[in-house]
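Colleague: compute the structure for the input listed below.
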Amino acid sequence: MNSLISPSDFRKQLADYKKANPDKKKKVDPDLKRDLQHGWLLNYLMPLESMVWGRWAYWVHIQQFKKLPKEGIPQIEFNCGNGNSAESGDSITMKHLDECLSLICKYGSWQGWSGANILEYFLDWLLYGFGSHTQTKLPKEPNGCEGASIRLYQYFDLSYLVAYPWDYFGYLFSESNIGKGSAFFPTPHNVVHMMTLMTMGQPSDQDSRLFAVCDPCVGTGRMLLYASNYSMRGYGQDINPFCVKATMVNCYLYAPWFAKPLTVIDDLAKEVEALTGLSLEFQRLVKNKSLQSLIDPNNLAASRASGLLESINVDSIDWFSVI
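Modeller: So this is what the prediction gives:
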């Protein structure tokens, strides 16, 4: 389950590939025909991510053996490296996503009056590709964007998102007209990191992988992403459907046990709680009683049922051979 390629080496390979293929967009064939099946993109994501960060391989291992391995959660770094700050929107990954979004609409930049529709279509397209139960059909292309799916199929490259983990969709949404209109301001990554360390980075007698974490106003999932370095039981909800979709995409990319929860983790947590009498909640450290009422263990099932995080049918898994 160890990484086969270090993140720095993988980033170098990606940079070399980009230099060798500067005109990839010109090679997009608008007449290409492909029948994209539900979950087709997951067969690329799982082995690719497992080579660098090892999280999907870790997920598969637990799903196969129905127990937690001795090795802890493979850690993931949510930054873009020197000279690739996504906070300023100028990283190579952000540029690639901007090119993909512009490719959807065919006519210039995507950041026009229909930008929100194009951005949401891209999320739906990714969720369909990842096999999410929330998007079981190939999404309808926005008006004037005919052929968008096959163009994305040829141009979109998961390697950029894997090489530089970050909440790109939170940034894109906050910079869009609809994001600004709804006053969406995601918490900066360094602040989220600090909050996570303060809440979860403390020594515990229990295995932190079994602790539950809930974000009742999840936004695009930044809190859950950082929490995934400690916990394998994540829950969240949000009033904004776009945020729910963005969180789901982020979890598929970087926190698979939140996107496809492992039932064995919940079972093990219940056993520990029964033996120790302790509630495996990171939020038990929170002093605000009104907040505690929102994240009471009895309410966690309701958070899961809100539609953000999906359960997994163990019998339907057929990806083990991919790793």
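
Colleague: Provide a list of residue ranges in this structure with pLDDT below threshold.
Modeller: Scanning the chain for pLDDT under 70 picks out 1-3, 24-26, 80-90, 107-109, 111-113, 281-323.

Colleague: find the nearest non-adjacent residue to the residue most central in space within it, please.
Modeller: Residue closest to the average C-alpha location in the chain (Cα atoms, centre = their mean): residue 250, at 1.6 Å. In this structure, residue 250 finds its nearest non-sequential neighbour in residue 221, 4.5 Å apart by Cβ to Cβ, 6 or more residues apart in numbering. Just so you know, the C-beta spots here come from the backbone N, C-alpha and C atoms, and that holds for glycine as well.

Colleague: residue 201 contacts residue 230, correct?
Modeller: Yes. With contact defined as Cβ atoms under 8 Å, residue 201 counts as touching residue 230 (7.5 Å).

Colleague: neighbour count winner among the two?
Modeller: residue 230 (21 against 12; other Cβ atoms under 10 Å).

Colleague: just confirm that one is within a helix.
Modeller: No. With DSSP: H, G, I helix; E, B strand; the rest coil as the criterion, residue 230 is coil rather than part of a helix.

Colleague: in contact with residue 222, which residues?
Modeller: 167, 170, 186, 187, 189, 192 (Cβ atoms under 8 Å, 6 or more residues apart in numbering).

Colleague: contacts only, for the residue nearest to the centre of the chain.
Modeller: Applying Cβ under 8 Å, 6+ apart, the residues contacting residue 250 are 167, 169, 220, 221, 224, 225.

Colleague: quick check: the farthest pair among those residues?
Modeller: Taking Cβ to Cβ, the two most distant members of these are 169 and 224; they sit 13.3 Å apart.

Colleague: the two: which has the busier surroundings?
Modeller: residue 224 (28 against 24).

Colleague: confirm residue 213 sits in a helix?
Modeller: No. The assignment for residue 213 is strand, going by three-state DSSP, so no helix is present there.

Colleague: neighbours around it, how many?
Modeller: Residue 213: 26 neighbours (other Cβ under 10 Å).

Colleague: gap between it and residue 51?
Modeller: 27 Å (Cβ to Cβ, to the nearest Å).

Colleague: likewise for residue 123?
Modeller: On the measure of Cβ to Cβ, residue 123 and residue 51 end up 25 Å apart.

Colleague: more neighbours: which of these two?
Modeller: residue 123 (22 against 16).

Colleague: that one: which element?
Modeller: helix 115-130 (DSSP states H and E).

Colleague: what residues are up against the nearest residue to residue 220 once chain neighbours are set aside?
Modeller: In this structure, residue 220 finds its nearest non-sequential neighbour in residue 170, 3.6 Å apart by Cβ to Cβ, 6+ apart. If a contact means Cβ under 8 Å, 6+ apart, then residue 170 has 186, 219, 220, 221, 222, 246 as its contacts.

Colleague: quick check: residue 170 is in a helix.
Modeller: Yes. Under three-state DSSP, residue 170 falls within a helix.

Colleague: state the distance from it to residue 55.
Modeller: Separation of residue 170 from residue 55 (Cβ to Cβ) stands at 20 Å.

Colleague: now do residue 75
Modeller: 9 Å.

Colleague: quick one: which of the two has more around it?
Modeller: residue 55 (24 against 11).

Colleague: now residue 244: phi and psi?
Modeller: Phi and psi for residue 244, reported as degrees, to the nearest 10, are phi -60, psi -40.
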